[in-house]
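K.L.:
got a predicted structure here, sequence first:
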Amino acid sequence: MVVEASMQQTNYQTRQKGVGLIEILVALMVFSMGMLGIASLQVISKRSSFEAQQRQEAVLIANDMISRIKNSGLTSAQIKAYYHGNDFAADPLTPPATPHDCLANSCTVDQLVAYDLSRWHKNIYGSSVEASSGQNISGLASAKGCIDVTEADGAMTKVTVTVAWLSLSEMSGSKTRVCAITDGGDSQREVSINTFI
């Protein structure tokens, strides 16, 4: 009986060959799945970072125009006459004209409004920051800016500045846009800032 027990152990050990290799393959599969997960998290992180940067840029551009309108010293009627309905799409083929420089020189009301709108259009287009090669390095992706001026009551004027741009990812929600770049596609983002003057 002792002989039979030792033979059974030998047979059992010979059947176990290759188990270590299977364990290594399973470990490699688990490791590779983890690495793919880390890579996808990196891609999502980069996309989210870009989206946040684009939104921050849009808020800065809209706030800049609100500040320009508030600091212009114009009356409510003048603000409506000069700024209402000004829609600017970022078109690299037709860069904005460079008007009279109101920072260095005194300007008339017409020149000040033209200067403010030109600077705002350049900010939307991204030509306010250039590389040494002259290429625009800031701005939003396919951006558009809109200004809407309405009378809130007898003493106040409501100014709404909207900046819209195209996003990398789709968003859910209403497709009715104030300042549409396209026909209300899912990838459009916009920031609207309201103020009373």
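P.N.:
Good, I have the coordinates.
K.L.:
host element of residue 59?
P.N.:
helix 19-70 (DSSP states H and E).
K.L.:
and residue 164, by the same measure?
P.N.:
Counting by DSSP H and E, residue 164 is part of strand 157-166.
K.L.:
so after that strand, what's the next helix or strand?
P.N.:
Following strand 157-166 toward the C-terminus (DSSP H and E): strand 188-196.
K.L.:
quick one, that following strand and helix 19-70 angle?
P.N.:
Here the directions of strand 188-196 and helix 19-70 differ by 30 degrees (axes from the mean of the first three to the mean of the last three C-alpha atoms, to 10 degrees).
K.L.:
what pairs with strand 188-196, parallel or antiparallel?
P.N.:
Within its sheet, strand 188-196 is paired with strand 157-166 (antiparallel), according to DSSP bridges.
K.L.:
dump the strand it pairs with to CSV, restricted to CA.
P.N.:
The C-alpha trace of strand 157-166 is given here as CSV (Å, rounded to 0.1, in the frame of the first residue of the first chain):
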residue,chain,number,x,y,z
THR,A,157,-30.8,98.7,-19.4
LYS,A,158,-30.1,94.9,-19.4
VAL,A,159,-27.0,93.9,-21.3
THR,A,160,-26.5,90.2,-22.1
VAL,A,161,-23.1,89.2,-23.5
THR,A,162,-23.0,85.6,-24.9
VAL,A,163,-19.9,83.7,-26.1
ALA,A,164,-20.5,80.4,-27.8
TRP,A,165,-17.9,77.9,-29.0
LEU,A,166,-17.7,74.3,-30.1
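K.L.:
count the residues that sit near residue 59.
P.N.:
13 (other C-beta atoms under 10 Å). From N, CA and C alone the C-beta is placed, and that goes for glycine too.
K.L.:
residues touching it, list them.
P.N.:
163, 191, 193 (C-beta atoms under 8 Å, 6 or more residues apart in numbering).
K.L.:
so how far is residue 29 from it?
P.N.:
From residue 59 over to residue 29 the distance is 45 Å, taken as C-beta to C-beta, to the nearest Å.
K.L.:
likewise residue 85?
P.N.:
From residue 85 to residue 29 the distance is 61 Å (C-beta to C-beta).
K.L.:
ditto for residue 167
P.N.:
Taken as C-beta to C-beta, the span from residue 167 to residue 29 is 35 Å.
K.L.:
who's more crowded, these two?
P.N.:
residue 167 (20 against 10).
K.L.:
surely residue 70 touches residue 193?
P.N.:
No. Under the criterion of C-beta atoms under 8 Å, residue 70 is not in contact with residue 193, lying 11.6 Å apart.
K.L.:
what's the closest of the contacts of residue 59 to residue 152?
P.N.:
residue 193 (15.1 Å; C-beta to C-beta).
K.L.:
hmm, that closest one is touching residue 69, no?
P.N.:
No. Counting by C-beta under 8 Å, residue 193 sits too far from residue 69 to count as a contact (10.9 Å).
K.L.:
which neighbours do these two share?
P.N.:
residue 161.
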